[in-house]
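> Here is my input; please provide its structure:
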Amino acid sequence: MKDLKPRYDTTKKAIGSFTIAVEKLKGADVLPEEEYRTLRDSAIKRFEISVDTLWKYLKIYLEVQKGVIHNSPKPVFRECLRTGILSDKNTQVALEMVDARNMTSHIYKEEIAEQISNNFPLYATLMEKIISTTIPQ
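Below you'll find the model as predicted:
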């Protein structure tokens with residue numbers, strides 16, 4: 001059986017790092033533009049890492065705890081709804097989060113980066129909630 005604890009620890013650390021970046025980003029729009037963009041882009045990278053580690057952790061969590069196998073992010077989050085890990089509303093946010101992650105890594109435009117970064121507090125809160133309710137036993 002797969003050991004969830006190392007994956008959990010890695011995911012929790014990534015989410016914690018993202019949450020710190022989100023906190024630093026609050027009110028950072030008063031910084032000079034280049035400093036603000038550097039901070040925002042760093043938060044975007046931490047966001048991408050957090051989304052990736054989270055869905056991959058949940059994939060293994062669902063396999064070990066529920067006997068369900070999915071191999072991509074959206075089916076994993078939909079399964080979290082089905083198994084009661086997520087509510088309807090949180091599942092919708094999680095699916096939007098996956099779309100946002102794909103946009104940040106595949107279509108880099110300043111407007112998209114700014115729009116997505118405005119949702120970071122919501123995404124960070126959701127990730128923290130998910131990781132706190134899926135602690136391996």
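> Just the buried positions in stretch 41-54, please.
Within stretch 41-54, the residues scored as buried using 16 or more other C-beta atoms under 10 Å are 43, 44, 46, 47, 48, 49, 50, 51, 52, 53, 54. No exception for glycine: its C-beta is placed from N, CA and C like everyone else's.
> surely the last one meets residue 15?
It stands for residue 54. Yes: counting by C-beta atoms under 8 Å, residue 54 sits close enough to residue 15 to count as a contact (6.8 Å).
> Identify the contacts common to these two.
127, 131 (C-beta atoms under 8 Å, 6 or more residues apart in numbering).
> Residue 63 contacts residue 7, doesn't it?
No: in this structure residue 63 lies outside contact range of residue 7 using C-beta under 8 Å: 11.1 Å.
> Give the rounded mean pLDDT of the helix of greatest length in the chain.
Selection of the longest helix in the chain by residue count, based on DSSP state H, yields helix 33-61. The pLDDT scores in helix 33-61 average 96.
> Give me the most central residue, the protein.
residue 51 (3.2 Å; C-alpha atoms, centre = their mean).
> Give me the distance between that residue and residue 103.
From residue 51 across to residue 103, the span is 11 Å (C-beta to C-beta, to the nearest Å).
> do residue 6 as well
From residue 6 to residue 103 the distance is 30 Å (C-beta to C-beta).
> Among the two, which residue is more densely surrounded?
Under the neighbour definition other C-beta atoms under 10 Å, residue 6 and residue 103 were set side by side, and residue 103 has more, 15 against 11.
> Just give the closest residue to the more buried one, not the sequence neighbours.
What sits nearest to residue 103 in space, not counting adjacent residues and going by C-beta to C-beta, 6 or more residues apart in numbering, is residue 112, at 5.5 Å.
> Hmm, that neighbour is touching residue 101, no?
No: using C-beta under 8 Å, residue 112 is not in contact with residue 101; the gap is 11.7 Å.
> Those two: which has the busier surroundings?
Legend: neighbour count by other C-beta under 10 Å for residue 112 and residue 101, higher for residue 101 (22 against 14).
> Kind regards, and thank you for your time.
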